[in-house]
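> I need the structure of the sequence given here:
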Amino acid sequence: MTTTNTGHVEAALPASLTPARLARLATLVTARAHARRVTTASPYTGAPLADLPVSTPDDVEDAFARARSAQAGWAATPVADRKRIMLRFHDLVLQRQEEALDLMQAESGKTRRDAFLEVSDIAITARYYARSARRLLSPKRRKGAIPVLTHTTELHHPKGVVTVISPWNYPLSMAAGDAIPALMAGNAVVQKPDTQTALTALWALALMREAGLPTDVWQMVVGRGSSIGDALMAGGDYMMFTGSTASGRRIARDAGERLIGASLELGGKNAMVVLADADIEKAAAGAVAACFPSAGQLCVSIERLYVADEIHDAFVGRVRAMRLGAAYDFSVDMGSLTTPSQLETVTSHVDDAVSKGATVLAGGKARPDLGPLFYEPTVLADVTPEMTLFDHETFGPVVSIHRHRSVDEAVAMANATPYGLNASVWGRNGTEARKVAGRLHAGTVNVNEAFAAAWGSIDAPMGGMGDSGLGRRHGADGLLKYTEAQTVAHQRLQGFTPPRGVEHEQWARILTRAFKTLRALGIR
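Numbering: from 1, shown residues only. As a prediction, this is how the structure comes out:
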């Protein structure tokens, strides 16, 4: 699955991103009128892009105060009304998608193809939770302590105000995607998107308010975690964080101190296992799709390939030309890295590996002729444990390829990591491939697909094992984590204390006989 790379340069901002429009989005940041400003740059060119106000800790406290005041009314809003707002948001996202695609490309440097996946993701997420919230939140009858005599109900109440900290790499999916279920559960949200891609998150906020969401129910602040992180942790009743494992550990510690819940999607070193019976053409094409979306800056993208020895050489020999460059259309296969620090990480990982004996099968160098942050899709062989990228997340367009001589060996190598976010298995025999998938230490595993099958199965939970985090997004877990479960048990007629005139010892014998009878009848 080696790659050749052709270049294309077309970096001028599209007409939709006028200075006036970008300035209007910036006004949605919760910040003082004369706040300090920060300027972001477009990854394609390095030219200035957004001028944003910077929120202070006092601004964050103000956002939480307003959110908490608004949350009570929002929680009292019937779920049917929340549903109508969310479905209207769904429609607006699809109608205005060109604006979102332009923003995402300008801020992150990704291709339009990758940006469209985020539009699709948010449409699916909004529709799913709009139509599932009533069922998930409705009171549930549970088996009572004593059959017939105990009427037990499970209720779900919103946490209150949820803090969401979202990353730069998938600015629409991670910003709106985590806010949607929190809002549908009746919470208010205070969110800190990454400054580099804040405009995309603010665009989603503007559309949600246009759809009918009360203004203070969802607010955004902008600033460095070192400045406003403590205020974000102090103000919320629940923390949703996507980012590095190191930061996730600190957040988990601080959430534990406050005794609030947290859901954390963290790093990964995701593996793809190609079995001996795999369709080589499809698996090679799948590997390209798995390794290089958003220039590899995707938590669930693949960084390690384990290919059966019998087909390894044929697999590696499949060459696909990738069109690398900047274009605000669907013509480009891979775009730019997003930040200079990511380029530095990718370069250092590849240089370190090559200096220690790794073989470059494709790519392996930056492309400043295309723009300041472009790096070629890179495939490395002969990667060994002393190389940094062997087991450290690169988060860029770099993949190492290895042979395996048996399924057991492939599983062992794939699982030889503290991470456990996503994995992929390829083979013609679906039953056998699914068995292999079940042996992998990862929260989601895709068979004959890279990551979209599991991610797009919105009714199923998605999240990491081990150092890849805790908690789940999507499915019932993705909404109910933003609620407090409450059990209401109504005991009728007779409880566990002896009725009048019955001694405790006699009552114990009566209950013992009752328990044995329930066991014999198959009743819990």
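> ok, residues contacting whichever strand or helix holds residue 519?
Assigned by DSSP states H and E, residue 519 falls within helix 504-520. For helix 504-520, contacts defined as C-beta atoms under 8 Å, 6 or more residues apart in numbering pick out 147, 496-499, 502, 524. All C-beta spots, glycine's among them, are computed from the backbone N, C-alpha and C.
> Select from the residues you listed every entry located in helices.
Residues from those lying in helices, with DSSP state H as the criterion: none.
> For these, which ChimeraX command selects only the ones that are buried?
Buried residues among the contacts of helix 504-520 (16 or more other C-beta atoms under 10 Å), as a ChimeraX selection:
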select :498
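> Lowest-confidence one in the contacts of helix 504-520?
Here the lowest pLDDT out of the contacts of helix 504-520 sits on residue 524, with 73.
> correct me, but that residue touches residue 143?
Yes. Between residue 524 and residue 143 there is a contact under C-beta atoms under 8 Å: 5.7 Å.
> And the helices in the stretch 401-524 of the chain?
407-414, 430-439, 452-456, 475-480, 504-520 (DSSP state H, counting those that start in this stretch).
> for residue 46, helix, strand, or coil?
coil (DSSP: H, G, I helix; E, B strand; the rest coil).
> Spatially central residue (nearest the centroid) of this structure, please.
Taking C-alpha atoms, centre = their mean as the criterion, residue 174 is the residue nearest the geometric centre of the chain, at 5.6 Å.
> which residues are in contact with the host helix or strand of that residue?
Taking DSSP H and E as the criterion, residue 174 maps to helix 173-184. Residues outside helix 173-184 that contact it (C-beta under 8 Å, 6+ apart) are 74, 79, 82-83, 86, 117-118, 121-122, 125-126, 129-130, 133, 162, 164, 166-167, 189, 191, 193, 200-201, 204, 208, 213, 217-218, 238, 240, 242, 473, 478-479, 482.
> Would you mind checking the residues you listed for buried ones?
By 16+ other C-beta under 10 Å, the contacts of helix 173-184 give 74, 79, 82-83, 86, 117-118, 121-122, 125-126, 129-130, 133, 162, 164, 166-167, 189, 191, 193, 200-201, 204, 208, 213, 217-218, 238, 240, 242, 473, 478-479, 482 as buried.
> From these, which land in strands?
162, 164, 166, 189, 191, 193, 218, 238, 240, 242 (DSSP state E).
> Could I get the pLDDT score of residue 204?
Reading off the model, residue 204 has pLDDT 98.
> wait, isn't it in contact with residue 172?
Yes. Using C-beta under 8 Å, residue 204 is in contact with residue 172, at 6.1 Å.
> Quick check: neighbours shared by the two?
Here residue 204 and residue 172 have 100, 122 as joint contacts, going by C-beta under 8 Å, 6+ apart.
> Can you add distance to residue 353 and give the contacts of helix 504-520 back as TSV?
Listed next are those as TSV, based on distance: C-beta to C-beta, whole Å:
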residue	distance to residue 353
147	64
496	66
497	71
498	74
499	77
502	77
524	57
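> Does residue 272 fall in a helix, a strand, or a coil region?
When classified by three-state DSSP, residue 272 comes out as strand.
> was I right about it contacting residue 305?
Yes. Between residue 272 and residue 305 there is a contact at 5.1 Å, judged by C-beta under 8 Å.
> Number of residues surrounding residue 257?
9 (other C-beta atoms under 10 Å).
> element containing it, please.
Residue 257 belongs to helix 245-258, assigned by DSSP H and E.
> And residue 156, by the same measure?
Counting by DSSP H and E, residue 156 is found in strand 150-158.
> any idea of the mean pLDDT for that strand?
For strand 150-158, the mean per-residue pLDDT is 97.
> can you tell me how far residue 188 sits from residue 173?
Per C-beta to C-beta, to the nearest Å, residue 188 is found 21 Å from residue 173.
> actually residue 353, not the one I typed
For residue 353, the distance to residue 173 equals 30 Å [C-beta to C-beta].
> Residue 221 is in contact with residue 59, isn't it?
Yes. Under the criterion of C-beta under 8 Å, residue 221 lies in contact with residue 59, with a separation of 6.0 Å.
> Show me which of these two is the more surrounded one.
Set residue 221 next to residue 59 and count neighbours by other C-beta under 10 Å: residue 221 wins out with 26 against 22.
> mind listing what the more buried one touches?
By C-beta under 8 Å, 6+ apart, the contact set of residue 221 is 29-31, 55, 59-60, 63, 190-192, 228, 232.
> Now do the closest residue to it other than its chain neighbours: how many residues are near it, please.
With sequence-adjacent residues excluded and distances taken as C-beta to C-beta, 6 or more residues apart in numbering, residue 221 is closest to residue 55, at 3.8 Å. Neighbourhood size, residue 55 [other C-beta under 10 Å]: 27.
> which residues touch residue 55?
Residues near residue 55 by C-beta under 8 Å, 6+ apart: 29-31, 35, 63, 221-223, 228.
> what do you get for residue 111?
Residues near residue 111 by C-beta under 8 Å, 6+ apart: 105, 294, 327, 330, 332-335.
> ok, back up a step: most tightly surrounded among the helices of the stretch 401-524 of the chain?
Mean neighbours per residue, mean count of other C-beta atoms under 10 Å, is largest over those for helix 475-480, with a mean of 20.
> Report the angle between the strand holding residue 156 and strand 188-193.
Orientation check (axes from the mean of the first three to the mean of the last three C-alpha atoms, to 10 degrees): strand 150-158 against strand 188-193 gives 50 degrees.
> Work out for me the element residue 360 sits within.
Residue 360 is part of strand 359-362, with elements assigned from DSSP H and E.
> Each with direction, which strands does that strand pair with?
Paired with strand 359-362 in the same sheet, following DSSP bridges, are strand 378-381 (antiparallel).
> what's the nearest residue to residue 376 if we skip its chain neighbours?
Residue 376 sits nearest to residue 363 (C-beta to C-beta, 6+ apart), 3.5 Å away.
> Backbone torsions only: list them for residue 367.
Main-chain dihedrals, residue 367, degrees, to the nearest 10: phi -130, psi 70.
> Surely it touches residue 375?
Yes. Residue 367 is within contact range of residue 375, at 6.7 Å (criterion: C-beta under 8 Å).
> next helix or strand past the worst-scoring helix or strand of the chain on mean pLDDT?
Within the chain, no helix or strand scores below strand 3-9, which has a mean of 62 by mean pLDDT, DSSP states H and E. Next in sequence after strand 3-9, counting helices and strands by DSSP H and E, comes helix 19-26.
> mind listing what's buried in that following helix?
Buried residues in helix 19-26, counted by 16+ other C-beta under 10 Å: 22, 25-26.
> Which of these sits closest to residue 346?
Set against residue 346, the nearest of these by C-beta to C-beta is residue 22 (28.5 Å).
> From residue 115, how far off is residue 331?
Plainly put, residue 331 is 13 Å away from residue 115 if you go by C-beta to C-beta.
> just residue 481 next, same as before
Separation of residue 481 from residue 115 (C-beta to C-beta) stands at 28 Å.
> In terms of packing, which of these two has more residues around it?
residue 115 (28 against 21).
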